[in-house]
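Student: Following is a predicted model, sequence given first.
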Amino acid sequence: MSKKPSQTPSTNNAHYTDKWHERVAQVAYRFNREYQKQTFELPAEVQAMPIYQEWIAGLLAGRIVSPFWEIAQPQKSQQCLDIGCGVSFLIYPWRDWQAFFYGQEVSNFARDTLNSRGSQLNSKLFKGVELGPAHQLNYQPSQFDLAIATGFSCYYPLEYWNLVLEEVKRVLKPGGQFVFDILNPEQPLAEDWAVLETYLGAEVFLEPVAEWEKIMKEAGAKVVTQQSGELFHLYKVRF
């Protein structure tokens with residue numbers, strides 16, 4: 001398979017000065033392009049892959065989404081932070097849950113879309129979305145009952161997620177819950193999906209589940225519940 005040409009984000013929407021600046025910007029660029037329905041030019045051999053055909057037909061997302069609400073459904077009047085939220089307030093039944101929604105996102109397009117439409121859907125529950133990466137949460141200590149981070153851990157190395165776990169611990173109330181997913185490299189879809197995502201603009205890290213569980217333990221995260229999916233594995237933890 002031909003080597004993916006390097007891409008430099010032309011719409012660097014965030015100005016981070018630490019060592020993760022370039023990777024955060026690359027992930028933001030990849031998702032800005034998808035949210036804006038821009039065309040991705042991929043090699044013929046990638047386009048021939050069955051997983052690409054599912055992606056282009058819009059069928060893949062439903063197969064691989066992590067249903068965080070099945071193990072940590074937001075409760076009425078809870079303060080909930082959705083990290084890497086995308087446009088989740090427009091998709092998931094936050095109004096039925098009656099939970100207060102706060103978001104943080106690296107895609108400026110997703111942030112702007114949610115901030116312009118979220119309050120129209122429910123100005124009481126929607127508390128706005130901040131632009132920023134997962135390791136620099138723009139919120140106060142002990143602010144949230146529940147934090148959610150699904151669909152993006154695989155774009156960063158484990159070293160980065162050590163920082164994320166510390167930040168989430170900081171913003172959670174005592175006894176608060178954190179639900180997040182990891183890419184399970186043992187799943188049949190994992191390698192093909194990693195190839196597809198790399199060609200779409202964001203390199204994927206295939207880290208062993210045991211290594212993930214090691215850093216959770218080191219961060220003081222105790223697993224409450226877990227659930228396997230077709231690609232991602234969900235955890236609910238408390239610190």
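Tutor: Now that the structure is in, tell me what you want to look at. Residues are numbered from 1 along each chain as shown.
Student: switch to C-alpha atoms for all contacts and neighbour counts from now on
Tutor: Fine.
Student: hmm, who's touching the helix or strand of the chain with the lowest mean pLDDT?
Tutor: When the helices and strands of the chain are scored by mean pLDDT, DSSP states H and E, helix 60-64 comes last with a mean of 88. With contact meaning C-alpha atoms under 8 Å, 6 or more residues apart in numbering, helix 60-64 is reached by 51, 54-55, 229-232.
Student: most surrounded residue in those residues?
Tutor: Highest neighbour count within the contacts of helix 60-64, by other C-alpha atoms under 10 Å: residue 232, with 24 neighbours.
Student: doesn't residue 182 make contact with that residue?
Tutor: Yes. Contact between residue 232 and residue 182 holds when scored by C-alpha atoms under 8 Å: they sit 5.4 Å apart.
Student: Run through the protein and note the low-pLDDT ranges.
Tutor: Residue ranges of the chain with pLDDT under 70: 1-17.
Student: ranges for the helices of it?
Tutor: Assigned by DSSP state H, the helices in the chain fall at 21-35, 44-47, 50-56, 60-64, 69-72, 88-91, 94-97, 108-121, 158-171, 190-200, 209-218.
Student: Only the buried residues of the longest one, if you could.
Tutor: The neighbour-count check on helix 21-35 (16 or more other C-alpha atoms under 10 Å) flags 22, 24-33 as buried.
Student: now the last one
Tutor: Counting neighbours by 16+ other C-alpha under 10 Å, one finds that the buried residues in helix 209-218 are 212, 215-216.
Student: again, but for the fifth one
Tutor: With burial defined by 16+ other C-alpha under 10 Å, the residues of helix 69-72 counted as buried are residue 72.
Student: What are the contacting residues of that helix?
Tutor: If you take C-alpha under 8 Å, 6+ apart as the criterion, helix 69-72 is touched by 179, 225-227, 236.
Student: Quantify the burial of residue 45 by counting its neighbouring residues.
Tutor: There are 10 residues near residue 45, going by other C-alpha under 10 Å.
Student: which strand in this protein runs the most residues?
Tutor: strand 172-183 (DSSP state E).
Student: just checking, what packs against that one?
Tutor: Packing contacts for strand 172-183, counted by 3 or more C-alpha pairs under 8 Å, 6 or more residues apart in numbering; DSSP states H and E, involve strand 144-149, strand 232-238.
Student: Would you mind saying which of the ones you listed lies nearest residue 98?
Tutor: With C-alpha to C-alpha as the criterion, residue 98 lies closest to strand 144-149 of those, at 13.5 Å.
Student: Would you mind getting the angle between that closest one and helix 158-171?
Tutor: If you take axes from the mean of the first three to the mean of the last three C-alpha atoms, to 10 degrees, strand 144-149 sits at 160 degrees to helix 158-171.
Student: For strand 144-149, give me every contacting residue.
Tutor: Here strand 144-149 has contacts from 68, 74, 78-85, 168, 171-173, 175-181, using C-alpha under 8 Å, 6+ apart.
Student: from those residues, which would you call buried?
Tutor: For the contacts of strand 144-149, buried by 16+ other C-alpha under 10 Å: 68, 74, 78-85, 168, 171-173, 176-181.
Student: Against residue 233, how distant is residue 71?
Tutor: 12 Å (C-alpha to C-alpha, to the nearest Å).
Student: ok, now residue 227?
Tutor: 6 Å.
Student: okay, those two: which has more neighbours?
Tutor: Taking neighbours as other C-alpha under 10 Å, residue 227 and residue 233 compare with residue 233 leading, 19 against 15.
Student: Just to check, that one is in contact with residue 213?
Tutor: No. Look at residue 233 against residue 213 with C-alpha under 8 Å: they stay out of range, at 11.5 Å.
Student: How much space separates residue 60 from residue 51?
Tutor: Distance from residue 60 to residue 51, by C-alpha to C-alpha: 7 Å.
Student: That concludes my questions; thank you for your assistance.
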